[in-house]
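Participant: Structure for this input, please:
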Amino acid sequence: WSTSGAAAGERLEKFSLAQSGGRARSATDLIVEGFSIHVGGKELFTDADLRIAQGRRYGLVGPNGQGKSTLLLHIAHKALAIPPDLDVLLLEQEVPADDTSAINMVLAADREGAALHAERRRLEKAGAGSPEEMERLREVYQELDARGDRTAEARARTILFGLGFPEEWQERPTRSFSGGWRMRVSLARALFLEPSVLLLDLRVEVEVGGRVVEPEQRGGH
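Facilitator: Numbers count the residues shown, from 1 in each chain. As a prediction, this is how the structure comes out:
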């Protein structure tokens, strides 16, 4: 669950970006060299380099206002020179509280798959339609099979269970969960999509002297 394209565009307009490195055509690692970002005359990053190796996990920590969320936003929406074949997902907020079940919320994250299912239902409801419609229905079945649709629900349920959702909870509407649990559903959606790069811009909690506190800084991975 991330910032929409329009909303992200409005946020990015506030910043000035310069980068000396060109955009790589293809890569498994995320490497950006020589970029600078500033806002309102304040330099957040100056001639900076960014290197994220495939399969590694990173934490981004620091005081508020130092550009952590700004950097993640620029990465996620490829304002920086990100290789075009790297799909990047930025997780910023919990899923909405509505009547959608947790499992259906996760499955709906695959928008292309959801669109194919909607088309399948429409064609099946039409029954014995034109030869073109019947051919298209066969194509939709083939596309769904190629996407691993038969195992999609089982995979989504496994992810939710791993995040603390027993089977009966997976059928509950998201409005029945607190914000923290809806954030877990949001994380499950992200894991279900399996992006090349997953960025988390979340408030973290730490334990100090046996007491849980929320630090000022936010962490991104």
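
Participant: Spatially central residue for this structure, please.
Facilitator: By C-alpha atoms, centre = their mean, the chain has its centre lying nearest to residue 89, at 3.3 Å.

Participant: can you tell me the average pLDDT over the helix or strand where that one lies?
Facilitator: Assigned by DSSP states H and E, residue 89 falls within strand 88-91. Across strand 88-91, the average pLDDT comes to 87.

Participant: for stretch 184-200, same thing?
Facilitator: Averaged across stretch 184-200, pLDDT comes to 90.

Participant: Please write out the alpha-carbon positions of that stretch in CSV.
Facilitator: Taking C-alpha atoms only, stretch 184-200 is exported to CSV below (Å, rounded to 0.1, in the frame of the first residue of the first chain):
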residue,chain,number,x,y,z
ARG,A,184,0.7,-6.3,8.6
VAL,A,185,-1.9,-6.9,5.9
SER,A,186,-0.2,-4.1,3.9
LEU,A,187,3.1,-5.9,4.4
ALA,A,188,1.5,-9.2,3.3
ARG,A,189,0.4,-7.5,0.1
ALA,A,190,3.9,-6.3,-0.6
LEU,A,191,5.4,-9.8,0.1
PHE,A,192,2.8,-11.4,-2.1
LEU,A,193,3.8,-9.2,-5.1
GLU,A,194,7.5,-10.1,-4.6
PRO,A,195,9.0,-6.8,-5.9
SER,A,196,12.7,-6.6,-6.8
VAL,A,197,13.1,-3.9,-4.2
LEU,A,198,10.8,-3.5,-1.2
LEU,A,199,11.1,-0.3,0.7
LEU,A,200,9.5,0.2,4.2
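
Participant: quick one: buried residues of that stretch?
Facilitator: Applying a neighbour-count criterion of 16 or more other C-beta atoms under 10 Å, one finds 184-192, 197-200 buried in stretch 184-200. The C-beta positions use only the backbone N, C-alpha and C, and glycine is treated the same way.

Participant: downstream neighbour of the helix or strand where residue 187 lies in the secondary structure list?
Facilitator: Residue 187 is part of helix 179-193 when elements are defined by DSSP H and E. For helix 179-193, the following helix or strand on the C-terminal side (DSSP H and E) is strand 197-200.

Participant: Setting aside sequence neighbours, what's the nearest residue to residue 171?
Facilitator: Closest residue in space to residue 171, ignoring its immediate chain neighbours: residue 101 at 5.2 Å, by C-beta to C-beta, 6 or more residues apart in numbering.

Participant: picking up where we left off before, if you count contacts, what does the strand holding residue 89 end up packed against?
Facilitator: On a contact count with 3 or more C-beta pairs under 8 Å, 6 or more residues apart in numbering; DSSP states H and E, strand 88-91 meets helix 68-76, helix 179-193, strand 197-200.
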